[in-house]
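S.K.: quick one, fold the following:
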Amino acid sequence: MWFDGEDSKSGAGTHEPLITDPMATVTLQQVWEDMPRVNGLPLRADLDPLALGPLIQDCFIATRIAPGMARLRVAGRNLGRYTGTEARGLPLSVLFDNADRAELMRCLEMCFAEPALLDLPVEAATGLGKPPLGGRLMLLPMRDGMGHVTKALGGLFVSGRVGRGVRRFRFDAALPKRKLPISAAAAAAESRRTGGRPALRLVVNNDT
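M.R.: Numbering: from 1, shown residues only. Here you go, the predicted structure:
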């Protein structure tokens with residue numbers, strides 16, 4: 001299932017540059033914050049894809065299948081451009097270099113187990129037919145129908161040219177990471193809903 005209904009195998013747009021809205025992570029976080037909450041977190045069932053607007057082609061929903069592992073249940077069109085096939089049903093790790101998959105597992109556990117919001121810098125490996133491509137990976141935890149934290153609303157927002165072949169990402173150690181514990185995120189969401197001043201405090205954790 002694709003968020004925007006496009007054919008992942010068309011190959012259209014391979015040479016067209018991707019230009020990410022610089023406010024994409026802020027907008028996605030606002031969508032997540034505006035959702036109704038149960039014990040500090042929104043339910044997956046309450047996510048309205050229409051609320052994602054133009055971000056939808058870069059967004060996904062992942063389900064935790066084991067500690068540090070998640071599978072893409074719904075994926076925007078652009079994820080298929082990086083994998084070279086329909087991304088739905090694939091593990092999220094397929095988007096990452098082998099060397100960075102252990103770090104991805106650690107980040108997924110933070111998202112689901114703590115839980116926490118994560119905003120992480122990523123870049124794709126470059127080479128022949130693989131021009132620069134980089135941006136941010138965002139993971140926002142959600143509850144399933146049983147109330148367990150097994151779902152994540154995510155976004156992979158990158159700019160550059162996709163080029164040819166499969167593109168795999170790695171974490172960019174030169175740029176800051178952001179981790180927001182759910183207690184702080186819940187306070188920010190409540191402030192937004194009540195029209196108060198945002199209680200959100202930026203937490204930069206380069207050890208994430």
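S.K.: show me what contacts residue 39?
M.R.: 143, 147 (Cβ atoms under 8 Å, 6 or more residues apart in numbering). Backbone N, C-alpha and C define where each C-beta goes, glycine included.
S.K.: same question, residue 185
M.R.: So residue 185 contacts 33, 40, 116, 117, 200 (Cβ under 8 Å, 6+ apart).
S.K.: which element is it on?
M.R.: Per DSSP states H and E, residue 185 falls inside helix 182-194.
S.K.: what of residue 121?
M.R.: strand 116-124.
S.K.: give the other helices and strands that that strand contacts.
M.R.: Under the contact criterion of 3 or more Cβ pairs under 8 Å, 6 or more residues apart in numbering; DSSP states H and E, strand 116-124 touches helix 24-33, helix 101-113, strand 133-142, strand 151-161, strand 169-171, strand 178-181, helix 182-194.
S.K.: can you list those in TSV and add distance to residue 66 and mean pLDDT?
M.R.: As requested, the helices and strands packed on strand 116-124 are exported to TSV (distance: least, Cβ to Cβ, whole Å; pLDDT from 0 to 100):
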stretch	distance to residue 66	mean pLDDT
helix 24-33	24	96
helix 101-113	9	98
strand 133-142	16	98
strand 151-161	14	97
strand 169-171	21	98
strand 178-181	22	95
helix 182-194	21	68
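S.K.: out of the ones you listed, which is closest to residue 127?
M.R.: When the helices and strands packed on strand 116-124 are compared by Cβ to Cβ, strand 133-142 sits nearest residue 127, at 11.4 Å.
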